[in-house]
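>>> Need the 3D shape of this:
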Amino acid sequence: MGIIAVDPTSPYTGGAILGDRIRMQDHFSDPGIYIRSMATRGSLGGLARTTADVATVMDASGRDLIMIETVGVGQDEVDIVRLADVTVVILVPGMGDDVQSIKAGIMEIADIFVINKSDRDGAERVEREIRALQSLAIRSDHFRGDRWTPPIVKTVASDGTGISELAAAIAEYEAYLQKENLVMQHNIENWQERLIEMLRDALLEKAREQMEHDNVAGYAAEVAEHKRDPYTLVEEIVGRIGKG
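Numbering: from 1, shown residues only. As a prediction, this is how the structure comes out:
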């Protein structure tokens, strides 16, 4: 098994506290386990820019299962759906208006919902909110074959409660993907997004190389003083990249 754990990077210091290594210190030496902690380094969407590359390397190394932990639940944290075959959204009771606050982004991407620490007060309320909001979520695979309704699994990770039920739910969703012939289509869609991202990164590197030869501070001063507009400036830089 390969585990990729992504933690946020401070926008002020650029540092990151890779706390996942502390939480998993009882398992990092288990045979067959490889854990890689990563910092976002400013990337949005819940993953680091190179998370997909690390997952590819782990897959090539023969890992049977790769688990990716994103930064944390948020409305825009949806990059994982373009990378993972199965997306599990984990919620915890007692976090206030958590389900209502994340419904804009997360409800659409969850293949399986997990309510962890379900022995706490409020677990039933979280489950009710998920079920109420599921009717509002639009999943792309609902329009191909039978409709998949993400199940809700209750767990208590500290004592292992619900883990077997979660494994069964993941296996059931994988069987659904196979039955509806969605695996290849899912992979094609993922690689389409991935290729676009790789192309974007390559063009950005060329743009940075071009900017290193130019006076970036001078350009910024001209824009700040309203002597030049940024749109025309960007077009000029892009034009030079094309000629190069």
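
>>> ok, the closest residue to residue 120 other than its chain neighbours to residue 206 distance?
In this structure, residue 120 finds its nearest non-sequential neighbour in residue 93, 4.9 Å apart by Cβ to Cβ, 6 or more residues apart in numbering. Any C-beta I mention is one placed from the backbone N, CA and C, and that applies to glycine too. Noted for residue 93: a distance of 48 Å to residue 206, by Cβ to Cβ, to the nearest Å.

>>> of those two, who's got more company?
Between residue 93 and residue 206, counting by other Cβ atoms under 10 Å, residue 93 is the more crowded of the two (20 against 16).

>>> where's that one, which helix or strand?
For residue 93, there is no helix or strand it lies in under DSSP states H and E.

>>> Against residue 52, how distant is it?
32 Å.

>>> what do you get for residue 126?
To residue 52, residue 126 is 30 Å away according to Cβ to Cβ.

>>> Retrieve the pLDDT associated with the residue nearest to the spatial centre of the chain.
Central residue of the chain (Cα atoms, centre = their mean): residue 80, 2.8 Å from the mean position. On pLDDT, residue 80 comes in at 79.

>>> same thing with residue 155?
96.

>>> In contact with it: list those residues for me.
With contacts defined as Cβ atoms under 8 Å, 6 or more residues apart in numbering, residue 155 is in contact with 114, 115, 116, 118, 161, 162, 163, 165, 166.

>>> contacting residues around residue 115?
90, 91, 92, 93, 123, 126, 127, 130, 152, 153, 154, 155.

>>> Please tell me how far the residue nearest to it when sequence neighbours are not counted sits from residue 201.
Leaving aside its sequence neighbours, residue 115 sits nearest to residue 154 (Cβ to Cβ, 6+ apart; 5.0 Å). Going from residue 154 to residue 201 by Cβ to Cβ gives 40 Å.

>>> Over to residue 127?
Relative to residue 201, residue 127 is positioned 40 Å away (Cβ to Cβ).
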